[in-house]
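[1] The following block contains a protein sequence and its predicted model.
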Amino acid sequence: MYNDKAGKVAVIYIRVSSERQVKGYSLEGQKQYLTECAIRRGMNVLRVYVEEGKSGKSIEGRTAFQEMLDDIKSGKERIDYVMVFKLSRFGRNARDVLNSLEFIMNHGVHLMCVEDGLDSSTSMGKMMITILGAVAELERENIIVQTLLGRETKAKKGGWCGGFAPYGYVIENDKLVTVPEEKEVVQIIFDKYLNKGLGYAGVATYLNKQGYKRRAAPNQKDFKFDDWTTEHIKQILSHPIYKGKMVWGRRRTEKVPGTENEYRQVWQEEYTVSDDYTHEAFVSEEDFDKIQELRAKAAKWGNFELGQSKAHLLSGILKCPTCGSSMYIDTNQWTNKDGTKRLTYSYVCSHYKKTSGSGSCERNGVSAVEVEREVIEFISKLMHNERFAADIREKLMKALDTDEIKAELEHHKSYLKKLRYNQKTLEQSLDQMDFEDKNAWRKREEKERRLDSIYDEIYETEDKIEECENRLQKSKQDAVSLEVVLELLDSFEDIYDTMSNREKRELMKALVSEIHLLPSKEQKEKQRFVKSMILNFPIDRSVLDCLRVSNQGVEVVCLLSKLK
């Protein structure tokens with residue numbers, strides 16, 4: 001039995017990058033292995049931090065890792081060691097490994113990489129961790145380069161390099177195979193744009209009016225519309241895959257300048273094209289090149305979007321009364337009799353705009369000035385409602401009252417302390433057993449069974465503690481949110497009138513989640529636009545009743561009504 005670390009307190013950090021990790025590297029496998037290693041060394045395992053499905057390229061975004069560092073920094077509990085399966089689990093970016101190692105060592109905590117046989121408490125171990133951290137990063141970069149080169153070579157030979165097949169094809173045996181009915185649609189798109197002079201919107205309108213439907217992409221969730229939009233037309237017209245050759249590398253992930261670990265997708269002017277034709281072409285190379293020239297000319301002239309800089313108050317918040325899609329601003333320019341020009345703004349269905357009016361929904365336009373005025377009046381009345389103010393204050397006080405949660409938390413912590421004591425007592429008893437006793441092995445089995453039961457209770461109690469701490473934190477956050485609303489109650493108009501358009505929009509997004517409109521016919525009958533609102537804060541039913549009377553029946557739903 002190892003006893004060089006007897007009595008030391010360890011936390012375990014385990015991570016796998018995906019569900020496809022081999023069994024020996026699974027979360028449960030790492031957890032069991034590291035726990036057994038700690039017990040053999042006479043160490044007490046304080047906590048296990050679990051990170052699922054996170055990349056090891058940097059510590060940013062690894063919530064469990066950050067939580068572990070925060071616990072070490074707080075110093076509330078004794079921690080002597082962080083145990084990991086391999087150094088690559090701790091981090092594969094050399095700078096992050098060294099920074100994190102320096103951080104924990106500054107707080108009196110060492111790193112133990114069990115599989116690598118490394119221990120930062122020794123000078124040799126610390127040196128090896130430094131060296132291996134740099135090597136791991138070099139290996140990772142080398143793997144990335146090798147992967148990219150491998151895919152580039154595969155694409156040149158005509159192999160499919162991953163992802164979903166473009167519209168018009170399916171993947172069979174790593175090759176693109178034509179879907180006849182979709183091929184027809186793609187060729188119509190190329191023909192209408194090149195030979196009939198139609199733009200993106202014109203082609204989309206033609207397909208929709210002719211009844212051509214679009215299938216959902218394999219990764220598309222909540223597939224709602226099968227209409228063609230200008231964006232779909234643009235994607236097909238610009239994709240060189242339809243020339244019959246395999247392409248790869250049209251987009252590359254590049255590091256954002258001035259950041260450490262932020263990346264973005266960037267379109268590339270040069271990309272890999274297979275040497276030979278690898279699948280059926282839907283358009284000739286000559287016609288494809290002509291289409292790109294036409295697209296470049298159209299992009300050069302562009303389309304002047306009126307009012308684009310204006311931050312419209314309810315864009316994305318208003319919902320179409322027919323299909324439920326978000327509504328966005330549509331701008332019209334009019335010429336007065338005296339020759340001067342004026343602009344009018346309307347909110348229209350976003351799906352209608354995407355399909356240029358040829359899809360399965362209507363325009364459903366409403367005057368931006370009038371609907372914004374109606375919403376602002378409602379919010380203003382809400383802010384000045386005495387019942388609402390009293391209700392918010394009451395909920396604020398309840399949100400601040402965390403005594404019950406704190407009592408529950410202390411109970412679980414006290415019980416955990418008792419379990420830890422029982423665990424330590426049993427472990428010491430196991431270490432001191434007299435194996436010459438004829439019943440020694442039977443006694444050992446019984447004690448190990450009891451120890452396993454204690455471990456289960458410890459894990460369960462730790463989960464309860466974490467749940468209580470999360471509830472406590474959420475209560476504090478809710479209280480802060482409500483306090484901000486309170487500050488707004490007393491001087492809504494004064495604050496609102498001094499805001500810029502963009503600030504007003506941000507305020508509206510903070511107050512209102514969704515606004516659903518009445519159907520066009522009912523808007524005329526009831527002389528109003530709004531059917532219902534979903535607010536982002538709790539509100540009492542009596543306040544709703546009062547507001548419903550004064551606002552002609554607007555239904556209000558509260559997202560946070562569960563907060564009592």
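    Now that the structure is in, tell me what you want to look at.
[2] Tell me who's in contact with residue 328.
    312, 315, 316, 347, 348, 350, 353 (Cβ atoms under 8 Å, 6 or more residues apart in numbering). Quick note: C-beta positions are derived from backbone N, CA and C, even for glycine.
[3] Between the residues you listed, which sits nearest residue 409?
    Looking at those and their distance to residue 409, the nearest is residue 316, at 39.6 Å (Cβ to Cβ).
[4] my guess is the closest one meets residue 347, correct?
    No - Residue 316 sits out of contact with residue 347 when judged by Cβ atoms under 8 Å, with a separation of 10.0 Å.
[5] anything in contact with each of those two?
    Here residue 316 and residue 347 share the contacting residues 327, 328, scored by Cβ under 8 Å, 6+ apart.
[6] rewinding a little: with respect to pLDDT, which of the contacts of residue 328 ranks lowest?
    For these, the model is least confident at residue 353; its pLDDT is 75.
[7] Work out for me the element it sits within.
    Using DSSP states H and E, residue 353 sits within helix 350-354.
[8] do residue 291 as well
    Under the criterion of DSSP H and E, residue 291 resides in helix 285-301.
[9] Among the contacts of residue 328, which lie within helices?
    Residues of the contacts of residue 328 located in helices (DSSP state H): 350, 353.
[10] Quick check: PyMOL command selecting the buried ones in the contacts of residue 328.
    Buried members of these, identified by 16 or more other Cβ atoms under 10 Å, are gathered into one PyMOL selection as follows:
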select buried, resi 312+315+347+348+350+353
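[11] and after the helix holding residue 291, which helix or strand comes next?
    In N-to-C order, the element after helix 285-301 by DSSP H and E is strand 318-319.
[12] quick one: residue 365 and residue 313, what's the gap?
    According to Cβ to Cβ, to the nearest Å, residue 365 stands 16 Å off from residue 313.
[13] Of those two, give the one with the bigger neighbour count.
    When neighbours are counted by other Cβ atoms under 10 Å, residue 313 comes out ahead of the other of residue 365 and residue 313, with 22 against 16.
[14] Look up phi and psi at the more buried one.
    phi -60, psi -40 (degrees, to the nearest 10).
[15] Spatially nearest residue to it (excluding sequence neighbours)?
    The shortest distance from residue 313 to any residue other than its chain neighbours is 5.0 Å, reached at residue 372 (Cβ to Cβ, 6 or more residues apart in numbering).
[16] per-residue confidence averaged over the helix or strand encompassing that neighbour?
    For residue 372, the host element (DSSP H and E) is helix 368-383. Averaging pLDDT along helix 368-383 yields 84.
[17] Same question for stretch 451-467.
    Per-residue confidence for stretch 451-467 averages out to 86 on the pLDDT scale.
[18] Tell me the buried residues in it?
    By neighbour count with 16+ other Cβ under 10 Å, stretch 451-467 contains the buried residues 451, 454, 457, 458, 461, 462, 464, 465.
[19] so how many other residues sit close to residue 15?
    For residue 15, the neighbour count with other Cβ under 10 Å is 25.
[20] Please parse this structure into its domains.
    Residue ranges for each domain of the chain read 9-153, 169-301, 308-564, as given by automatic domain parsing.
[21] can you redo these as TSV with distance to residue 160?
    Shown next, in TSV, are the domains of the chain (distance: least, Cβ to Cβ, whole Å):
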stretch	distance to residue 160
domain 9-153	10
domain 169-301	5
domain 308-564	30
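[22] Just the buried residues of stretch 451-467: which are in strands?
    Counting by DSSP state E, no part of the buried residues of stretch 451-467 is found in strands.
[23] Which of these sits closest to residue 226?
    Within the buried residues of stretch 451-467, proximity to residue 226 (Cβ to Cβ) peaks at residue 464, which comes in at 48.0 Å.
[24] Distance of that closest one relative to residue 31?
    Between residue 464 and residue 31 the distance, using Cβ to Cβ, works out to 19 Å.
[25] So which bits of stretch 273-290 are buried?
    Of the residues in stretch 273-290, those buried under the neighbour-count criterion (16+ other Cβ under 10 Å) are 274, 278, 279, 282, 283, 287, 288, 290.
[26] tell me the least confident of these?
    Least confident by pLDDT among the buried residues of stretch 273-290: that is residue 274, with 77.
[27] So that one is in contact with residue 160, correct?
    No - with contact defined as Cβ under 8 Å, residue 274 and residue 160 do not form a contacting pair (10.5 Å).
[28] picking that back up, give the other helices and strands that the helix holding residue 372 contacts.
    If you count contacts as 3 or more Cβ pairs under 8 Å, 6 or more residues apart in numbering; DSSP states H and E, helix 368-383 packs onto strand 341-349, helix 492-497, helix 501-511, strand 512-517, strand 530-535, helix 541-550.
[29] tell me, what's touching residue 274 and residue 160 both at once?
    Shared contacts of residue 274 and residue 160, counting by Cβ under 8 Å, 6+ apart, come down to residue 246.
[30] Tell me how many other residues crowd residue 49.
    As a burial measure, residue 49 scores 20 neighbours (other Cβ under 10 Å).
[31] can you tell me which residues contact it?
    Residues near residue 49 by Cβ under 8 Å, 6+ apart: 11, 12, 13, 14, 64, 65, 67, 68.
[32] again, but for residue 244
    Going by Cβ under 8 Å, 6+ apart, residue 244 touches 277, 278, 279, 280, 281, 282.
[33] let's see 7 Å
    Shown here is residue 244, whose contacts under the criterion Cβ atoms under 7 Å, 6 or more residues apart in numbering are 277, 279, 280, 281.
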